[in-house]
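1. dropping a prediction and its sequence here:
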Amino acid sequence: MKDKKCLALMICFMLNLIFNFAQAVDISIGKPAPAFSLPSTNGKKVSLNQYKDSVVILIYWRSNQRRSLMALKDGQDILDQFEDKGVQVIGLMADTSHSDTVRDSLKKNNIDFTMLLDSERQVFGDYGIYVYPSTVLIDKQGKVAYTLAGHALTYKKTLEGHIQYILGEIDEKTLHQGVSRLNEISGKSLVKAHSEYNLALRFIESHLLNLAKDAAKRAIKAKADIAEPHILLGFLYLEDNEADMAYNEFEVSLKLDPYSHDAKTGLGASLITKGMISRAIEVLGGAVSENPYPEMTFYELGRAYELQGDISKSIEMYKKAIDKNLHNKATLSYLSRCR
């Protein structure tokens, strides 16, 4: 019973927090963008205040994620197009352990805008980052004008439209018409998949897990090459102790997104249920270092070590899970929503 409650909590917390397509950051449109001063990859200190009177695009990304790299490449294209009109792009990353690899990747993809190292996760916390990549558009008055979660097919065109609106090149009506056309271009199947996926999340909030499972399946049927619905369905299968079905969904999602820490956490949980404890510890150990919200990953590691008989290690993991909860405002707010 305890495990089922924790698993239901994990579904609410992880999936509402990480995969909410509508929200990128925890700052309302029109609010001042929090200031920061961080070192760049070339060792210089850079502050947001240096970009007064400029339109600034912040891209918070993860070094080992394909979608993040695609956002950076689009950011470079936008910079090349609008730089002479006062538009600047800043990249931010928290993972500083592979700086040489990051520099090589940026050079290979001709990305040369300012890249800042948020090693203490100051910006991550101040902006309330939910998902990688997260993009924040700041107007010339230093206020948040628009945010984008993830990297959709319409990412670049959507940003271009909002930049043109800020620069006064198009009016609000033209902007909305353009966004509507982009939604059509992105394809009915993608729209259907996102709609069913978000419906599944709402069912979870209402504890209607069977309806959530059906909605997740419809999302996959509409567009099978998106990782998120597979991950959601995997957790829902775990809720019903269908470990093999869950394992299959997490395997599929990792083929679609090899760096998904949520899929790895789910895979580890399904391996525990299947009795494959050593393999579960291996998978979960890899997920911890990549996960910006590793509370449930630590919890699953605690379960695995407990089942393996390593009580000392188990207690250590449980303590880390509790410690992360106590020191993470975003985590606590979402946990309270699930409860």
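-> Alright, I've got the coordinates.
2. against I57, how distant is V89?
-> Using CB to CB, to the nearest Å, V89 is found at 5 Å from I57. All C-beta atoms are positioned from the backbone trio N, CA, C, and that covers glycine.
3. wait, I meant L236
-> As judged by CB to CB, L236 and I57 stand 36 Å apart.
4. swap in K192?
-> Per CB to CB, K192 is found 30 Å from I57.
5. looking at the two, which is more packed in?
-> I57 (26 against 15; other CB atoms under 10 Å).
6. what average pLDDT does stretch 137-151 get?
-> In this model, stretch 137-151 carries a mean pLDDT of 92.
7. how distant is it from the center of its chain?
-> Remark: stretch 137-151 is offset 17 Å from the chain centroid, using CA atoms, centre = their mean, to the nearest Å.
8. ok, stretch 242-253 next?
-> The chain centre lies 21 Å from the centre of stretch 242-253; the measure is CA atoms, centre = their mean.
9. helix, strand or coil for K217?
-> Three-state call for K217 (DSSP: H, G, I helix; E, B strand; the rest coil): helix.
10. how about it: what's its closest non-neighbour residue?
-> L233 (6.5 Å; CB to CB, 6 or more residues apart in numbering).
11. hmm, the one you found is touching I220, no?
-> Yes. Using CB atoms under 8 Å as the test, L233 is close enough to I220 to be in contact (6.7 Å).
12. can you give me the helices for the stretch 51-200 of the chain?
-> 66-82, 99-108, 122-127, 155-166, 172-185, 188-205 (DSSP state H, counting those that start in this stretch).
13. of all those, which one is nearest A212?
-> With respect to A212, and counting by CB to CB, the nearest of these is helix 188-205 at 3.7 Å.
14. quick one: average pLDDT of that closest one?
-> When pLDDT is averaged over helix 188-205, the result is 81.
15. got it, and stretch 224-241?
-> pLDDT averaged over stretch 224-241 gives 90.
16. in it, what counts as buried?
-> Within stretch 224-241, the residues that count as buried by 16 or more other CB atoms under 10 Å are 226-239.
17. distance to T114 for the helices of the stretch 51-200 of the chain - can I get that in a markdown table?
-> What follows is these, written out as a markdown table (distance: least, CB to CB, whole Å):
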| stretch | distance to T114 |
| --- | --- |
| helix 66-82 | 10 |
| helix 99-108 | 11 |
| helix 122-127 | 13 |
| helix 155-166 | 17 |
| helix 172-185 | 27 |
| helix 188-205 | 32 |
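18. of all those, which one is nearest L211?
-> Across the helices of the stretch 51-200 of the chain (criterion: CB to CB), the nearest stretch is helix 188-205, sitting at 4.4 Å.
19. which other helices and strands contact the closest one?
-> Counting contacts by 3 or more CB pairs under 8 Å, 6 or more residues apart in numbering; DSSP states H and E, helix 188-205 is packed against helix 16-18, helix 209-222, helix 227-239.
20. so it versus helix 227-239, what angle?
-> Angular relation of helix 188-205 and helix 227-239 on a 0 to 180 degree scale: 30 degrees, by axes from the mean of the first three to the mean of the last three CA atoms, to 10 degrees.
21. and V283, helix, strand or coil?
-> Three-state call for V283 (three-state DSSP): helix.
22. nearest to V288, out of the helices of the stretch 51-200 of the chain?
-> Here helix 122-127 is closest among the helices of the stretch 51-200 of the chain (CB to CB), at 16.8 Å.
23. output the contacting helices and strands for the closest one.
-> Other helices and strands packing on helix 122-127, by 3+ CB pairs under 8 Å, 6+ apart, are strand 55-60.
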